[in-house]
Every structure is written in C-alpha cells, then in structure tokens.
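Peer 1: the following block contains a protein sequence and its predicted model.
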Amino acid sequence: MSTSKQRTITHLFNSVGKGYKSEDLTLPVLEQFIYAVCREGTTRDNANQAFQNLKQRFFDWNEIRVSLMREVADVLHDLVPDADMRSQRIIDFLQEVFESTFSFDLEPLIKKGVKQAAKQISRYKAASDYTVAWVTQHSLGGHAIPLDAPNIRVLRRLGMLEEGKDDPETMRASLEHQVPKAKGLPLVDLISVVAEEWCFETDPDCPRCPMHTVCPVGQERTKAAPVAVGAKKSR
C-alpha cells in the first residue's frame with residue numbers, strides 16, 4: 001500500500017473513528033442477505049430501522065414472501081433508496097430460497113467454505129456485488145469490503161479508488177489489497193459516516209469534513225472556498 005493511502009486510512013480511524021463503535025451484526029445468513037439489501041446506499045441507522053420494521057410488521061419471512069411489493073415497501077420508505085425495487089428483491093429472494101430449500105435456512109452454506117458459499121449466494125437473482133460481499137464479510141468470515149455508491153464516491157475523492165474503474169469486483173479487490181481484514185468492517189461504517197455527514201454527491205461540505213486534510217478533492221475545495229467561522233452548514 002502506498003504511504004499516502006496508509007495515511008488516509010490511519011486518519012480516517014483516528015478522526016472519524018474516534019469514539020465510534022462499529023457493529024458486527026450476528027445474524028443468520030438469510031437475514032444477513034436481507035439486511036444487506038436494506039443497507040446498500042443508506043446509513044447504518046436507517047438500515048437497522050428498515051430491517052427491524054420488516055421483522056416487527058410481519059409475522060415471519062414467509063409472510064413477507066407472499067406479501068405484495070407495496071406492502072413491504074410501506075415499511076421501507078424514507079429509510080432506503082428505491083424502496084419499491086428493494087422490496088421486490090427481498091420478496092424474490094425469499095421466494096427463490098423457499099423454492100430451493102422449502103425453508104428459510106441458509107446456514108448449511110457456511111460449511112461449504114467462503115468461496116463456494118459466496119458463489120452460491122451470488123446466484124440468487126436478488127444478489128448484487130454488495131450483498132455478496134456483505135454476507136461474506138459478516139457471516140462467512142471472508143475478507144470482503146462491500147461497496148455501495150456513497151462509499152465509492154468517498155473513496156474516489158480520497159484517492160483510495162481510481163477514477164474510470166467501475167467494475168465492483170475490481171474496485172473491491174483493489175481496496176481489499178490495501179485494507180487488512182480486521183479493518184474491513186469498521187472501514188465500511190466510517191466511510192458511510194463521511195458520505196452521510198460531509199461528502200455529499202453535490203456540494204460536499206469539505207471545509208468541515210475531518211478528512212479534508214488528506215483528501216485531494218477536499219484540499220482543492222477548501223482552498224477555493226474557505227468557510228467563515230460560525231457559517232451555517234447547508235446541504
């Protein structure tokens with residue numbers, strides 16, 4: 001890993017990560033997959049609430065499987081992007097699992113080993129690179145860093161990912177080579193915090209972002225538009 005990238009990671013953990021507690025969710029494989037569908041593109045708090053809504057508003061996973069898309073979407077709206085599409089993905093996933101196992105138990109996958117289990121998970125129509133990486137990281141014990149659009153945006157601005165490379169697997173492989181397995185889980189949460197609090201898609205709040213001193217984009221924007229002390233934060 002280059003010295004600049006190592007410095008960026010160290011700064012992330014020392015500034016944004018100070019006092020921040022990462023969560024390693026202990027969930028069955030099936031639930032971890034569904035949580036990942038909720039988590040992609042949103043904050044940890046929103047994903048937690050969306051997932052809890054699913055578990056509290058429906059009797060069990062089978063009830064969700066046989067529900068209409070709009071009924072599931074109703075408990076996800078305002079918490080996850082594209083709630084309708086994600087609701088349909090969850091329903092389709094549960095239907096596919098049920099048709100293949102006549103249950104909602106994917107725990108036997110763990111015994112297959114990381115690579116084989118991840119490959120099988122990727123075959124579900126509702127799977128994405130993010131969900132497979134999330135389940136691999138949280139349930140299978142593998143070194144995988146799930147990347148969603150907000151995380152990719154932040155990592156590119158920080159210089160951790162190269163511009164022009166859009167293949168999720170290639171980007172993950174590059175990042176996983178730079179970041180030790182032990183730091184993979186908290187890295188995802190901390191980058192999500194930066195994306196939510198400061199590194200907006202448009203008009204990022206670079207002067208107030210704790211990463212701006214090691215961020216090429218942040219340094220340029222801070223020089224171009226210094227913020228007066230006491231100025232009001234806006235999105």
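Peer 2: Yes, it's here.
Peer 1: remind me, longest helix of the chain?
Peer 2: Of all segments of type helix in the chain, defined using DSSP state H, the longest is helix 83-101.
Peer 1: outside of it, which residues touch it?
Peer 2: The list of residues contacting helix 83-101 from outside it, by Cβ atoms under 8 Å, 6 or more residues apart in numbering, reads 30, 33-34, 37-38, 54, 61-62, 64-65, 67, 69-70, 72-73, 76-77, 80, 103-104, 106, 124-127. C-beta: built from backbone N, CA, C; applies to glycine.
Peer 1: for the most centrally placed residue in the chain, give me the pLDDT.
Peer 2: What sits nearest the mean C-alpha location of the chain, by Cα atoms, centre = their mean, is residue 40, with 4.5 Å. What the model reports as pLDDT for residue 40 is 96.
Peer 1: cool, and residue 231?
Peer 2: Residue 231 is assigned a pLDDT of 49 by the prediction.
Peer 1: ok, now residue 23?
Peer 2: The predicted structure scores residue 23 at 74 on the pLDDT scale.
Peer 1: same check on residue 52?
Peer 2: Note for residue 52: predicted pLDDT of 97.
Peer 1: measure it to residue 76 for me?
Peer 2: Separation of residue 52 from residue 76 (Cβ to Cβ, to the nearest Å): 11 Å.
Peer 1: count of neighbours near residue 81?
Peer 2: Other residues lying near residue 81 total 14 when counted by other Cβ atoms under 10 Å.
Peer 1: check contacts around it.
Peer 2: Going by Cβ under 8 Å, 6+ apart, the list of residues near residue 81 reads 41, 42.
Peer 1: check the gap between it and residue 40 for me.
Peer 2: Taken as Cβ to Cβ, the spacing of residue 81 relative to residue 40 amounts to 8 Å.
Peer 1: between residue 52 and residue 76, which has more neighbouring residues?
Peer 2: More crowded of residue 52 and residue 76, by other Cβ under 10 Å: residue 76, with 24 against 13.
Peer 1: what residues are up against the more buried one?
Peer 2: When the contact criterion is Cβ under 8 Å, 6+ apart, the partners of residue 76 are 38, 50, 53, 54, 83, 86, 87.
Peer 1: now residue 137
Peer 2: With contact taken as Cβ under 8 Å, 6+ apart, residue 137 is in contact with 143, 144, 145, 146, 184, 185, 188.
Peer 1: ditto for residue 133
Peer 2: By Cβ under 8 Å, 6+ apart, the residues touching residue 133 are 144, 145, 146, 147, 172.
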